[in-house]
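Participant: heads up, no residue letters with this:
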């Protein structure tokens with residue numbers, strides 16, 4: 001299987017150069033990986049422990065932030081290098097990563113893995129969620145470097161479970177620290193000789209911390225002007241259509257909506273504005289036009305915007321994959337989502353507890369907003385349920401740190 005995987009990876013490496021000429025994101029990804037070798041070659045020789053932490057993208061990095069903070073808080077803080085796979089993570093946070101060094105992960109070939117590890121020489125490696133790169137794991141195993149899968153999440157039908165190759169990858173870890181019971185049961189089944197435990201989801205620690213640190217945005221408060229506010233986070237066309245229809249059918253002056261598209265950009269904002277038959281304000285504009293609609297055409301503001309919401313609608317639950325519901329839930333806000341959420345255990349639990357409400361179409365969306373608008377008590381009760389569930393799930397960071405403390 002390694003032979004087949006190696007051949008496929010080699011083909012990808014050969015084709016990346018030509019393909020990047022026609023794709024801006026791929027070009028960023030390719031150039032970033034070339035720069036990795038300079039970044040790690042310039043690293044000074046360390047007289048302290050070195051931790052390598054790898055994440056796929058922005059969501060996994062946010063999941064890792066509590067761990068990075070805990071590492072920095074050690075009495076003898078280790079040297080920490082964070083690597084990213086995706087430009088959508090690295091390019092957003094590269095200048096504010098909580099680490100001593102940050103880079104793209106070079107493509108997973110045997111030669112790249114050995115060259116990378118020769119430079120950084122880690123004492124311990126941490127992989128977040130389900131980042132399983134065969135050549136890197138193999139090289140770490142051969143070097144005797146303990147490596148952990150943290151905030152691990154597995155689900156039935158996952159491709160990983162269909163092959164012995166996947167079992168071999170999981171078996172290489174020193175320990176697998178899972179987010180939930182289902183993931184733990186599947187990991188134990190796949191890797192019976194590996195230490196598997198239920199550590200919880202560090203995202204609960206992260207969103208709880210963020211909720212305490214938030215400061216009001218004066219610009220947002222001025223836009224709200226004491227109106228009832230729906231914040232639509234990480235919207236896709238399905239959520240946009242719901243909003244367009246609702247605004248068409250309801251001309252309330254005391255209602256406003258803030259929309260943060262999944263891919264915020266000037267062009268996306270203009271396209272959305274053209275769908276709405278009324279004045280629309282854009283965050284990027286110097287003066288916010290008087291309107292019922294504000295579009296956030298800027299990355300990195302969503303969590304701050306959520307704090308001004310009476311209700312949140314989180315995007316992706318109709319078609320593309322549900323986005324982060326924990327950020328608004330941690331703020332004590334009722335959350336609306338589309339019907340496709342079964343692969344997100346934390347969301348399933350929040351729906352059961354009553355803080356998240358599933359809408360299936362425009363009719364149920366309209367009915368839900370109308371009920372919230374008329375029943376402030378319902379908003380308070382559902383928001384309190386969300387906040388309680390977040391509080392009950394804290395502590396994953398501490399459990400992860402306990403598992404790795406002997407290697408620091």
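Facilitator: The structure has been received and is ready for your questions. Model, not experiment: these values are computed from the prediction.

Participant: got the domain ranges for the chain?
Facilitator: Per automatic domain parsing, the structural domains of the chain span 2-201+394-407, 217-392.

Participant: of the ones you listed, which is nearest residue 211?
Facilitator: For residue 211, the closest of the domains of the chain is domain 217-392, at 4.4 Å, according to Cβ to Cβ. The C-beta positions use only the backbone N, C-alpha and C, and glycine is treated the same way.

Participant: and the average pLDDT for the closest one is what?
Facilitator: Averaging pLDDT along domain 217-392 yields 92.

Participant: which residue, other than its chain neighbours, is closest to residue 139?
Facilitator: residue 113 (4.2 Å; Cβ to Cβ, 6 or more residues apart in numbering).

Participant: which element, helix or strand, includes the one you found?
Facilitator: Using DSSP states H and E, residue 113 sits within helix 110-120.

Participant: before we move on, the earlier item: go through the domains of the chain and name the closest to residue 207.
Facilitator: domain 217-392 (3.9 Å).

Participant: what secondary structure does the spatially most central residue of the chain sit in?
Facilitator: Geometric centre of the chain, nearest residue: residue 59, 1.6 Å, by Cα atoms, centre = their mean. Under DSSP: H, G, I helix; E, B strand; the rest coil, the three-state class of residue 59 is helix.

Participant: do residue 259 as well
Facilitator: Three-state assignment for residue 259 (three-state DSSP): strand.

Participant: ok, and the closest non-adjacent residue to it?
Facilitator: Using Cβ to Cβ, 6+ apart, the closest residue to residue 259 is residue 232 (4.6 Å).

Participant: just residue 398 next, same as before
Facilitator: Nearest to residue 398 is residue 70, by Cβ to Cβ, 6+ apart, at 7.9 Å.

Participant: my guess is that neighbour meets residue 397, correct?
Facilitator: Yes - the pair residue 70 and residue 397 qualifies as a contact (Cβ atoms under 8 Å) at a distance of 5.6 Å.

Participant: how about the helices in the stretch 101-250 of the chain?
Facilitator: Using DSSP state H, counting those that start in this stretch, the helices of the stretch 101-250 of the chain run over 110-120, 134-143, 164-171, 181-190, 202-213, 218-224, 237-249.

Participant: could you confirm residue 405 falls within a helix?
Facilitator: Yes - under three-state DSSP, residue 405 falls within a helix.

Participant: how many neighbours does it have?
Facilitator: Counted with other Cβ atoms under 10 Å, the neighbours of residue 405 add up to 10.

Participant: let me know the average pLDDT across the helix holding residue 113.
Facilitator: 95.

Participant: what are the buried residues along that helix?
Facilitator: 110, 112, 113, 114, 116, 117, 120 (16 or more other Cβ atoms under 10 Å).

Participant: one step back: for residue 324, which of the helices of the stretch 101-250 of the chain is the nearest?
Facilitator: It is, among the helices of the stretch 101-250 of the chain and with distance given as Cβ to Cβ, helix 202-213, at 7.8 Å.
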